[in-house]
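> Sequence and predicted model, in that order:
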Amino acid sequence: MPDSSAATALHHALSILLRELIDGSATDAAWILNPADPGLLGSLEKLSAAGASAVPPNGGSSIAAHVDHLRYGLQLLNRWSKGEDPFADADYSASWRRPAVSEADWTALREELRTEARKWCEAVQRPRDLGDVELSGVLASVAHLAYHLGAIRQIDRSTRGPVARAT
């Protein structure tokens, strides 16, 4: 990215979008979610370990598995942001092998997700030169998080945010 002010603006905008998905939207405005939506972390707080461990009636992964997958992906991105190359030996399938959690495990998993998500928001906000592959990865992290938030909300309706208001 040759223009440093454009790079700074892009990194700031991406950080805003990630924070909205993770921590929720403002009550009066939103970019992705409806206003006053609690976001991913607030939505997960509504679930017990049993709810997070439930397998959808038509099959698929539990919410706990989605959360562990997100935590793992964000952990890889945070390692990458520190200069490591964690993708060469990444085992994405391992992040789906946690279908059920105890209450203590569920609390710990949500905290690990919170920690990795906040670190990633901070990393994204720091402008740096990104090639096409790196920029695509950063942009994809926003879409990936939004996808899993939507999947979680399809699995358990209690995690959904507010409906859109008429204008």
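Nice, thanks for sending it over.

> helices or strands next to the helix or strand bottoming out on mean pLDDT in the chain in the packing?
The weakest-scoring helix or strand in the chain, judged by mean pLDDT, DSSP states H and E, is helix 4-23 (a mean of 91). Judged by 3 or more C-beta pairs under 8 Å, 6 or more residues apart in numbering; DSSP states H and E, the packing partners of helix 4-23 are helix 39-44, helix 103-125, helix 132-155. Heads up, the C-betas are built off the backbone N, CA and C, glycines and all.

> Touching that helix from outside, list them.
Outside helix 4-23, the residues that touch it by C-beta atoms under 8 Å, 6 or more residues apart in numbering are 1, 30-33, 39-42, 117-118, 120-122, 124-129, 138-139, 141-142, 145-146, 149.

> Narrow those residues to just the buried residues.
Using 16 or more other C-beta atoms under 10 Å as the burial test, the contacts of helix 4-23 include 30, 32-33, 39-41, 117-118, 120-121, 124-125, 127, 138, 141-142, 145-146, 149 as buried.

> any idea how far residue 66 lies from residue 36?
23 Å (C-beta to C-beta, to the nearest Å).

> if we can go back for a sec, would you mind reformatting the helices and strands packed on helix 4-23 (as a markdown table) and adding columns for mean pLDDT and distance to residue 14 while you're at it?
Putting those into a markdown table (pLDDT from 0 to 100; distance: least, C-beta to C-beta, whole Å) gives the following:
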| stretch | mean pLDDT | distance to residue 14 |
| --- | --- | --- |
| helix 39-44 | 98 | 16 |
| helix 103-125 | 97 | 5 |
| helix 132-155 | 95 | 6 |
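
> Those into CSV, with extra columns for distance to residue 84?
Converted to CSV, those look like this (distance: least, C-beta to C-beta, whole Å):
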stretch, distance to residue 84
helix 39-44, 25
helix 103-125, 12
helix 132-155, 13
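
> Looking at those, which is nearest to residue 57?
For those, the distance to residue 57 is smallest for helix 132-155, at 9.6 Å, taking C-beta to C-beta.

> how about the closest one: buried residues?
For helix 132-155, the neighbour count (16+ other C-beta under 10 Å) marks 137-138, 141-142, 144-146, 148-149, 152-153, 155 as buried.

> what's the answer for stretch 47-59, then?
For stretch 47-59, by 16+ other C-beta under 10 Å, it's 47, 49, 51-54.

> Among those, which lie within helices?
Among the buried residues of stretch 47-59, DSSP state H puts 49, 51-53 in helices.

> Residue 47 reaches residue 158, doesn't it?
Yes. Checked against C-beta atoms under 8 Å, the pair residue 47 and residue 158 is within contact range at 7.1 Å.

> which ones are touching the residue most central in space within the chain?
With distances taken as C-alpha atoms, centre = their mean, residue 145 lies nearest the centre of the chain, 3.7 Å away. Shown in contact with residue 145 (C-beta under 8 Å, 6+ apart): 18, 21-22, 40, 70, 117.
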